[in-house]
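1. everything below, folded, please.
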Amino acid sequence: MSTPAAAAQRAPIPMVVVGGYLGAGKTTLLNRLLERADGLRVAVLVNDFGEINIDAALIRTRSSDVLQLENGCICCSIGGRLAEALAAVGARPDRPDLLVIEASGVSDPVRIAQVGMLDPALQLNAILVAVDVQDVDEQLCDPLVGDMVRRQIAGATALVLTKADQASAPMIGKARQRLAEIAPHTMVLTAQCGEIPLAVFLDAVPLPRQPQHPQRLLGALAGEGGAWKRAVDGTAGLAGMAGITSFSYTTHRQFDKQRLRQALRTLPVPLLRAKGIVRLRGQQPLQEIHVVGGRLRVADLGAEQVAGSAFVFIGCFTAAGQQAIRGQLDAALAPE
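-> Sure, this is the predicted structure:
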């Protein structure tokens, strides 16, 4: 995999794993993404359970940057080849803006994400699981595949209801109820003809016009380029669908390390992802923090000189939800 020294010199590649049982509509979601990429360089790694990778052929009609792994479960029998393929993407001189991995319908997307998270050149943005509104109840009740489908749903950071345009309102309601039983704290989106907001894949949502500074949200979170910078610059009005929004939290105070970890792991509302730069009591280096689906990654930021701490949260938030998150972060501050 990429060496830590080499990865530190460049911003990591956002990575999204797309999972879901056979026929749930994963390839349709990817094709819609590629149709709307609008100049973004999207690399797609596709695994199909068989000797001929049909999904890769379908996706290649819309993208020239498709890597394929055939003949097995991507997280089991060809796990080594997956790591090699991911390392090759991270080592490219001209990195893609986004890496999307389409898992086979019988694999565990969480295990795939774990392989990718071992490489410092990659940064997990989402584990997206497609759920067929019409078939999910039958699949969950199936003695052969029910446990596997349940694990896929439980491990998602965001769930997407597919084929809802072909289903009745009671059927959609029942599907949502089943998902709430398995993953009560996971965001659920409804695809419109296979289309979901780009913000599910990238941080392409507008930050507040006048965030509570310091230093313009810490220099757009330490001056990082790419999607976060584009969001701050106001060019990313891409989140109107499904009510995906963002809000910021800033403070001049330091955080207590243990309280902050606990707060971020037990956020009271569903979250797509969050990113922050913080000062911790008793630690000199600034810390870069990423939160995706309850998974927390903390790393030294290095020599960046910014004052205070700041977070950006992306999800479907009510005013009460925002206030609950702010309250939880306030409680994690170190005593003055």
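
2. what about the strands in the chain?
-> 13-19, 42-48, 66-70, 98-102, 122-132, 158-162, 187-190, 245-251, 273-278, 286-292, 295-302, 309-315 (DSSP state E).

3. quick check: mean pLDDT of the third one?
-> Spelled out, that is strand 66-70. For strand 66-70, the mean pLDDT works out to 59.

4. run a quick neighbour tally on the closest residue to residue 289 other than its chain neighbours.
-> Take residue 289 and drop its neighbours on the chain: the residue closest to it by CB to CB, 6 or more residues apart in numbering is residue 276, 4.4 Å away. For every residue, glycine as well, the C-beta is placed using N, CA and C. As a burial measure, residue 276 scores 24 neighbours (other CB atoms under 10 Å).

5. which residues are in contact with residue 276?
-> Taking CB atoms under 8 Å, 6 or more residues apart in numbering, we find residue 276 in contact with 221, 249, 288, 289, 291, 309, 310, 311, 312.

6. could I get the strands of the chain as TSV with distance to residue 265?
-> Formatted as TSV, those follow (distance: least, CB to CB, whole Å):
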stretch	distance to residue 265
strand 13-19	20
strand 42-48	29
strand 66-70	32
strand 98-102	25
strand 122-132	15
strand 158-162	18
strand 187-190	17
strand 245-251	16
strand 273-278	12
strand 286-292	8
strand 295-302	6
strand 309-315	14
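
7. rank the ones you listed by pLDDT, which is bottom?
-> Looking at the strands of the chain, the weakest mean confidence is strand 66-70, a mean of 59.

8. now for the strands of the chain, which one comes closest to residue 86?
-> Between residue 86 and the strands of the chain, the shortest separation by CB to CB is 6.4 Å, and it involves strand 122-132.

9. give me the buried positions along the closest one.
-> 122, 123, 124, 125, 126, 127, 128, 129, 130, 131, 132 (16 or more other CB atoms under 10 Å).

10. sheet partners, orientation included, of that strand?
-> Partners of strand 122-132 in the sheet, by DSSP bridges, are strand 13-19 (parallel), strand 158-162 (parallel).

11. with mean neighbour count and distance to residue 263 added, can I get these in CSV?
-> Formatted as CSV, these follow (neighbours: other CB atoms under 10 Å; distance: least, CB to CB, whole Å):
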stretch, mean neighbour count, distance to residue 263
strand 13-19, 27, 24
strand 158-162, 25, 21
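
12. and of those strands, who's closest to residue 100?
-> Per CB to CB, nearest to residue 100 of those: strand 13-19, 5.1 Å.

13. and the contacts of that closest one?
-> Here strand 13-19 has contacts from 26, 29-30, 89-90, 95-103, 107-109, 112-113, 116, 121-130, 152, 155-156, 200-203, 226-227, using CB under 8 Å, 6+ apart.

14. circling back to that earlier point, to residue 327, which of the strands of the chain lies closest?
-> Among those, strand 245-251 comes nearest to residue 327, with 10.5 Å by CB to CB.

15. what angle sits between the closest one and strand 309-315?
-> Strand 245-251 and strand 309-315 meet at an angle of 160 degrees, taking axes from the mean of the first three to the mean of the last three CA atoms, to 10 degrees as the criterion.

16. buried sites along strand 245-251?
-> For strand 245-251, the neighbour count (16+ other CB under 10 Å) marks 245, 246, 247, 248, 249, 250, 251 as buried.

17. one more: stretch 183-198?
-> 183, 186, 187, 188, 189, 190, 191, 194, 196, 197, 198.

18. re earlier: who wins for proximity to residue 321 among the strands paired with strand 122-132?
-> Closest among the strands paired with strand 122-132, using CB to CB: strand 158-162, at 15.7 Å.

19. picking up where we left off before, between the buried residues of stretch 183-198, which sits nearest residue 325?
-> Out of the buried residues of stretch 183-198, the member with the shortest distance to residue 325 (by CB to CB) is residue 187, at 14.0 Å.

20. let me see the contact set for that closest one.
-> The neighbourhood of residue 187, defined by CB under 8 Å, 6+ apart, consists of 157, 158, 159, 270, 271, 272, 315, 316.

21. thinking residue 174 is in contact with residue 138, fair?
-> No - judged on CB atoms under 8 Å, residue 174 makes no contact with residue 138 at a distance of 11.3 Å.

22. who's more crowded, the two?
-> Neighbours were counted for residue 174 and for residue 138 using other CB under 10 Å; residue 174 has more, 15 against 12.

23. and the more buried one, how far is that from residue 83?
-> 39 Å (CB to CB, to the nearest Å).

24. go on, residue 296?
-> 23 Å.

25. shaky segments in this protein?
-> For the chain, the stretches with pLDDT under 70 are 1-9, 47-79, 204-242, 302-306.

26. quick one: residue 246 and residue 322 touch, right?
-> No - using CB under 8 Å, residue 246 is not in contact with residue 322; the gap is 10.1 Å.
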